[in-house]
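Trainee: any chance you could fold what I've pasted below:
(5 chains)
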Amino acid sequence: RGPDLISLGIKEPVYEVIEVKSNGKMSKKNINRRQLLKSSGLRLRDIRSVDPSLWLTNSMPSLLVREQAILLNLGSLRAIAMPERVLVFDHNRKGGKAFLESLLPRLNPKNSSGGQSMPFELEVVEAALLSRIQQLEQELMDVEPRVVALLEVLPNRLTADVLEQLRLSKQTLVELGSRAGALKQMLFDLLEDPEEIRRICIMGRNCILRKGTSEMECSVPMEKHIAEEEAEEIEMLLENYLQRCESCHGQAERLLDSAKEMEDSIAVNLSSRRLEVSRVELLLQVGAFCVAVGALVAGIFGMNLKSYLEEHMWAFWFTTAGIVIGGMAAFFMMYSYLRAKKIL
Amino acid sequence: RGPDLISLGIKEPVYEVIEVKSNGKMSKKNINRRQLLKSSGLRLRDIRSVDPSLWLTNSMPSLLVREQAILLNLGSLRAIAMPERVLVFDHNRKGGKAFLESLLPRLNPKNSSGGQSMPFELEVVEAALLSRIQQLEQELMDVEPRVVALLEVLPNRLTADVLEQLRLSKQTLVELGSRAGALKQMLFDLLEDPEEIRRICIMGRNCILRKGTSEMECSVPMEKHIAEEEAEEIEMLLENYLQRCESCHGQAERLLDSAKEMEDSIAVNLSSRRLEVSRVELLLQVGAFCVAVGALVAGIFGMNLKSYLEEHMWAFWFTTAGIVIGGMAAFFMMYSYLRAKKIL
Amino acid sequence: RGPDLISLGIKEPVYEVIEVKSNGKMSKKNINRRQLLKSSGLRLRDIRSVDPSLWLTNSMPSLLVREQAILLNLGSLRAIAMPERVLVFDHNRKGGKAFLESLLPRLNPKNSSGGQSMPFELEVVEAALLSRIQQLEQELMDVEPRVVALLEVLPNRLTADVLEQLRLSKQTLVELGSRAGALKQMLFDLLEDPEEIRRICIMGRNCILRKGTSEMECSVPMEKHIAEEEAEEIEMLLENYLQRCESCHGQAERLLDSAKEMEDSIAVNLSSRRLEVSRVELLLQVGAFCVAVGALVAGIFGMNLKSYLEEHMWAFWFTTAGIVIGGMAAFFMMYSYLRAKKIL
Amino acid sequence: RGPDLISLGIKEPVYEVIEVKSNGKMSKKNINRRQLLKSSGLRLRDIRSVDPSLWLTNSMPSLLVREQAILLNLGSLRAIAMPERVLVFDHNRKGGKAFLESLLPRLNPKNSSGGQSMPFELEVVEAALLSRIQQLEQELMDVEPRVVALLEVLPNRLTADVLEQLRLSKQTLVELGSRAGALKQMLFDLLEDPEEIRRICIMGRNCILRKGTSEMECSVPMEKHIAEEEAEEIEMLLENYLQRCESCHGQAERLLDSAKEMEDSIAVNLSSRRLEVSRVELLLQVGAFCVAVGALVAGIFGMNLKSYLEEHMWAFWFTTAGIVIGGMAAFFMMYSYLRAKKIL
Amino acid sequence: RGPDLISLGIKEPVYEVIEVKSNGKMSKKNINRRQLLKSSGLRLRDIRSVDPSLWLTNSMPSLLVREQAILLNLGSLRAIAMPERVLVFDHNRKGGKAFLESLLPRLNPKNSSGGQSMPFELEVVEAALLSRIQQLEQELMDVEPRVVALLEVLPNRLTADVLEQLRLSKQTLVELGSRAGALKQMLFDLLEDPEEIRRICIMGRNCILRKGTSEMECSVPMEKHIAEEEAEEIEMLLENYLQRCESCHGQAERLLDSAKEMEDSIAVNLSSRRLEVSRVELLLQVGAFCVAVGALVAGIFGMNLKSYLEEHMWAFWFTTAGIVIGGMAAFFMMYSYLRAKKIL
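Mentor: Numbering: from 1, shown residues only, chains lettered A, B, ... in the order given. Predicted structure coming up:
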């Protein structure tokens, strides 16, 4: 509808996509949005969720099931799965590449070990989920040993370098935890909604979903049975990925918590060490103050002015003793005062 | 009812509104509250939620469906949508302007590409949601690159200026996250409540909602069918906006989390650098103390008092050596003591 | 029952209450607990929730519906509403006064604009909720501009005075947010429990609630109809207050979040400024150390001891140059060392 | 069963309990676990939850309903209530004592004011809940005025003593909030589970719970009626205690929040005051540096070396003026530099 | 299926497992994954959750019920329970050992005290849960006294050593709380899902679960009765472990909260003590500054330059008095200024 086009403010963009057919054939295509809408039976609104140019406002992972297509938005992977082919946007980004690497072997008939294989669109969904989760797991496996090593080394070596590494690891974990959490939520919502799963199953079949009860009704009874088994299969598959995702999310959260607690402890540790340093400084300043007073007395007697004490024999030694003993006495008085006040 | 008027403490206010008719005609009007209540069939209590003068106590976004009107309160947009017209309060504020810019092209018959268009009140609701979400997305797109740039530059350049920018970005993200979160909650609550959606559909139709089951009952069966399709349409529309809103909220939260973690890390970094500085200071103070003691000794011998050492040839060099060696010895003793205590 | 009395450890207390009749007549009364129990049909246990002497252990707002009375506990307002009269405890406290000010005009027949008015106990409940929410809104309106002004002024003016104002505002917001949150929860729980609302409606009517289904059954069918309409009316009224309460709570939380973030940023800002100061101090100490070493050398030559250098013409200028150049060289060496170590 | 015994690793322990009969008779007993299991019809596993020797692993409050006994674990009170008697473990601890003090008056027939009393096991449950909640309320009433006093006195008096009091109060509130929260959760779970409540009612009656629907079925219809009324009674009783517990929990949380916010504000306040002190220190160091340079110049001229300036009349005053004016100039130059850099 | 093998990237691994038969016989085996899949009737995907080589991505505890096997993943225990035998992976790790120690006595017929014992797979599940919970409880019992001791000693002894202990305890508690929380969640999810429990019961029996209602249907009616009783037994067993787990989790959280609050308080305490130290330092610096000015004056008069004051008798005493009195006056002026400014 017209207003949509205007309100979106985009004029007939052309997408560069990779098309993979169910027989594994891969081809690069430039597809016009109008063509895309026609061939996939999607609405303009749906395409927003996979349009790579809107990456900031569709950053949440989503898996939308429409009548003839499944829209996949998982991190940097944006794809539209249809019963016979899948269109991958932004195929040069990490997510797109990983997805293709995961999908292509599945389509090779040599790899399917005899038994009947899953429908194409399900292979696509599984490859997409798998590549996304493996990517998260890989990142976790990269960051985990670094964090563990940091946590062990930190209490003793607080260099700026190590702190910077801790900061970077925390940043990575915040990012990773948030992405794993969003994916987990998406899988959980999908599992909670049996209607959505059934809609995946009837795709490409001669079935409809009855309103209200969301029961499947097929023209061929056999199909209904197969679709039901498929639904169960999808559920188990999703549960499996959900569990992997939860493990990933839980582990990232746990590491982040540990890193945060470590940072809090470091702050207290630094604070306590600064206090230690300050107290020694204070002690030195007390000493320096006493020495300074002594030096002042000595300086006064060093003036080129006559005090008429110059003639006394004892004057030098008396004054020197006075300075030394007075200074020490002052030092110990101040020291005990500060001790008593618990400042030193 | 009387007591309400008194309890609200407002005496017959006059609202300056912009009225937009379903044919796109726009006119400025001054409308008395009594008139407003009569013409819209609303209750006094309902108007509170859109009254711009109460902005502090109705700051939560809301979309209230009443029998003949939909009350919209989205940020700085306050409007009452009725089947044939919409009244926009506070049209000079950002939300009102954006809404009008989004609504007017939709009402232009040239833009509707042939097909049948949505009822007027739905166009209004969609325009309101769209303008609001686009505003949030725009703010996010403005703040996002700034935060990312800050996060990259920060560990190395901790100037007051950069910290102030971080503070301002955090403030913006808190604000943005909170507003996106409130809008998301409102959309979610609306989607959870099918009765509310059906009430939007029967507006201006000859239908009623049966009590208890909330089923629609229409005098003309055809109308029921259209209303049902419309309800589905509204649901998909709301889901779509909910998803955009969630992306926006999630992204704002993620950036805020990153900024907070960064701030915590900066605090620890600063603390560690202060400790570094303090330790060098301490080292210098140890040195300065030793020098001061040496200076005191020198000062004592510089007094205009006779020590009867003046005559000895070796006295000068002996004393000088004593001061220098003693000072160095004292310095290294203190230094090793503090090293051993792990203070230095 | 006896044991209760003992376990509560209170012996027949006398409450000073204000009684307001449904015709607006107000009278002060001293009422014995035994009498109170008899006249209201309440149990001993119920009275706990409104007993002002137990303010610490019944601080949660509550609205309890019993067979012949509604117990109101909203902040400092404690009241028992019965079909013909309401008893207000602690009428001198803020909540009690505001309630009476809100209730009395409602009972004045002049104010009711012709139409039929709500039953007395509902007027009481509405007056109580309204006075409570207006109080919260008033507090929010008081604190809001102060916080906004603080947030603007703070980054530049970090005086103890401004920090103290920030602290007080935060304390107020914590308090306000917690009270608005508790009230919101109470209203939400009430709305979630249709049985409770129906129990309000059948009060003073010849109806009963059927067990299990919670359907109302009335001896006169007309009464059932009126009660049902009343229930709907109460629901809308509660929803309205819930929304106001949510706005209030949301706004308080948002301001508190902003204030907290501000405080965190201030802490980092202060830390960074202290580091700045420390670094300049360090620079000065490096300089002072070099000067002190020079002064020691000068002091040594100033001793009243013969170095036999006195006779050389060049000795003074040579030594002076040595002190000055040596001091400067030492300063620049230390300075560049600390620069290289990124400490200075 | 055998393996349990082994896995628990405990060999036939003997419990020292106080037995209270329904007529109020109290006696101390040593009871063997085997006997306890036989006489109460409990399983080995159930006893874990009240075994005082396992205090660390059954610290969560619980109220377990078994066929012939109710197991009570509320803080330091561990008891098994049976239709005719109650066994109190660890009767010397605070919880046990408070429980006995609350229970015994209830069993005294003089106190029951004529009316029919509750079944013995319910009296026990109510006494246990009451004594526990009163204990929590007592603790809250003890800590509350202390915290309020601290919050008022703190901004002005930041002594170590006051900070220590704040710390202790926070610790108490964390403890109290956590215990009130656990009790609240237990009561809430109990109220959510009508089957559990019905199981309490049929204890000692000739009734059973039908599977699935959890409806009570009694051999005597009259009994069913009484049991149903009792269930309602228990529900109201639990609701009442839940509310008291919520008030307690909410108040503790609110005080803790206030104390935490106060601590954050104190940290910022201290940080700001340290900055103040540091800046004055810096100012003094700038001054001291200038004086030291002057002293160095004076020291140089004080050396026992001939500068051949000694003979000039003006040399002394010229040098003195040079030192004083030079020092001051240097001071003001540094001062304005640091002012311009906003460091001072 | 083929693609799975590839996507998992593992080529036919061999697991070293310990097999325990239901008669208690234990044997070490090397089992190929293909064999494992065949003998257990599991799918490739299921094995992921117990594969010890994937410890990072299946760290969440899980208990999966499949048709002929229960997959156990509890911390470092990974096992597959089948009706007649259990396979334990990674038997040398802590969890595996504890499990075997807990399981073997249960299988010894001497220990079963006459009565009928549970089916083998249930014994396995109980032994696994028990060994896991006992391990958590043991860790809690280890850390708890240490934390309590720290919390008592901390306010007075803030040494680096004690802070390090606090940090380590916090780290342990974060870890423990997170693991107990995950186990609690797993048990809770299991209890919420009656179908899962019934699937455990029908394992090895001639029963099936009817779709939709999840009712058990057995070929022999007697079996259904036994299975139902077993389901109840499992539920009580799980509830029991859930409660122990909750106690453990709650206690760990409470200790962690206390430790965190303590750390916050320590930070404020340290900050306040540093301020104290800084203020004394400032005082000394004020004093030192005055002394330094005095020393400068004395130094000036000590120069080998003629001021022509040398001849005056009073000059020495006058200057000395000037230095001392001037220094003191300056000190007290500065001191009172800083007092007035509340800096000192």
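
Trainee: give me the helix or strand of chain A that scores worst on average pLDDT.
Mentor: helix A:2-8 (a mean of 45; mean pLDDT, DSSP states H and E).

Trainee: which neighbouring elements make contact with the following helix or strand past that one?
Mentor: Elements were assigned by DSSP states H and E; along the chain past helix A:2-8, the next helix or strand is strand A:14-21. Under the contact definition 3 or more CB pairs under 8 Å, 6 or more residues apart in numbering or on different chains; DSSP states H and E, strand A:14-21 sits against strand A:26-32, helix A:33-40, strand A:85-89, helix A:94-107. All C-beta atoms are positioned from the backbone trio N, CA, C, and that covers glycine.

Trainee: now A:G302: phi and psi?
Mentor: phi -90, psi 0 (degrees, to the nearest 10).

Trainee: now the stretch 51-200 of chain A against chain D: closest residue?
Mentor: When scored by CB to the nearest CB, the stretch 51-200 of chain A has A:L163 as its residue closest to chain D, at 19.8 Å.

Trainee: ok, and for the strand or helix carrying A:V147, which residues are buried?
Mentor: A:V147 is part of helix A:120-153, with elements assigned from DSSP H and E. Using 16 or more other CB atoms under 10 Å in any protein chain shown as the test for burial, helix A:120-153 gives A:120-137, A:139-140, A:143-144, A:147, A:150-151.

Trainee: stretch A:181-191 too?
Mentor: Buried residues in stretch A:181-191 (16+ other CB under 10 Å): A:181-187, A:190-191.

Trainee: distance of the residue of the stretch 51-200 of chain A closest to chain D relative to C:R339?
Mentor: 20 Å (CB to CB, to the nearest Å).

Trainee: comparing the two, which residue is more hemmed in?
Mentor: Applying other CB atoms under 10 Å in any protein chain shown to A:L163 and C:R339 shows that A:L163 carries more neighbours, namely 23 against 10.

Trainee: now do the same contact list for that one.
Mentor: A:266, B:265, B:268-269, B:272 (CB atoms under 8 Å, 6 or more residues apart in numbering or on different chains).

Trainee: quick check: which element contains it?
Mentor: Taking DSSP H and E as the definition, A:L163 sits inside helix A:160-192.

Trainee: does the following helix or strand past that helix reach chain B?
Mentor: Going down the chain from helix A:160-192, the next helix or strand is helix A:194-202, by DSSP H and E. No: using CB under 8 Å from any CB of the partner chain, we find that helix A:194-202 stays clear of chain B, coming within 11.8 Å at best.

Trainee: just how off-centre is the helix or strand following helix A:194-202 within its chain?
Mentor: Going down the chain from helix A:194-202, the next helix or strand is strand A:207-209, by DSSP H and E. With CA atoms, centre = their mean, to the nearest Å as the basis, strand A:207-209 stands 40 Å off its chain's centre.

Trainee: near chain B at all, strand A:207-209?
Mentor: No: Strand A:207-209 lies out of reach of chain B by CB under 8 Å from any CB, never closer than 12.8 Å.

Trainee: so what strands line up beside that strand?
Mentor: strand A:216-218 (antiparallel) (DSSP bridges).

Trainee: return the set of buried residues in the strand it pairs with.
Mentor: Those would be A:216, A:218, for strand A:216-218 by 16+ other CB under 10 Å.

Trainee: who's in contact with that strand?
Mentor: So strand A:216-218 is in contact with A:198, A:201-202, A:205-210, A:224, A:227-228, going by CB under 8 Å, 6+ apart.

Trainee: likewise stretch A:28-47?
Mentor: Contacts for stretch A:28-47 (CB under 8 Å, 6+ apart): A:1, A:4-5, A:8, A:12-19, A:64, A:66-69, A:71, A:80, A:82, A:87, B:236-237, B:240.

Trainee: and stretch A:328-344, what's its mean pLDDT?
Mentor: Averaging pLDDT along stretch A:328-344 yields 88.

Trainee: ok, residues contacting it?
Mentor: Here stretch A:328-344 has contacts from A:279, A:282-283, A:286-287, A:289-290, A:293, D:160, E:273, E:276-277, E:280, using CB under 8 Å, 6+ apart.

Trainee: switch the cut-off to 10 Å
Mentor: A:278-280, A:282-283, A:285-291, A:293-294, D:160, E:156, E:273, E:276-277, E:279-281, E:284 (CB atoms under 10 Å, 6 or more residues apart in numbering or on different chains).

Trainee: give the burial count for the residue of the stretch 201-344 of chain A found nearest chain C, as a bare number.
Mentor: Nearest residue of the stretch 201-344 of chain A to chain C, counting by CB to the nearest CB: A:G302, 7.1 Å away. Neighbours of A:G302 under the rule other CB under 10 Å: 28.

Trainee: same question for the one 10 residues further on.
Mentor: The number of residues packed around A:H312, counting by other CB under 10 Å, is 13.

Trainee: right, and it touches B:L305 too?
Mentor: Yes: assessed by CB atoms under 10 Å, A:H312 is found in contact with B:L305 at 8.0 Å.

Trainee: so what sits against both of the two?
Mentor: Common neighbours of A:H312 and B:L305 (CB under 10 Å, 6+ apart) are A:318-319.

Trainee: any stretches of the stretch 201-344 of chain A with poor pLDDT?
Mentor: Scanning the stretch 201-344 of chain A for pLDDT under 70 picks out A:211-214.

Trainee: show me which residues of chain A are close to chain C?
Mentor: Residues of chain A lying near chain C by CB under 10 Å from any CB of the partner chain: A:160, A:295, A:298-299, A:302, A:316.

Trainee: nothing else from me, thank you.
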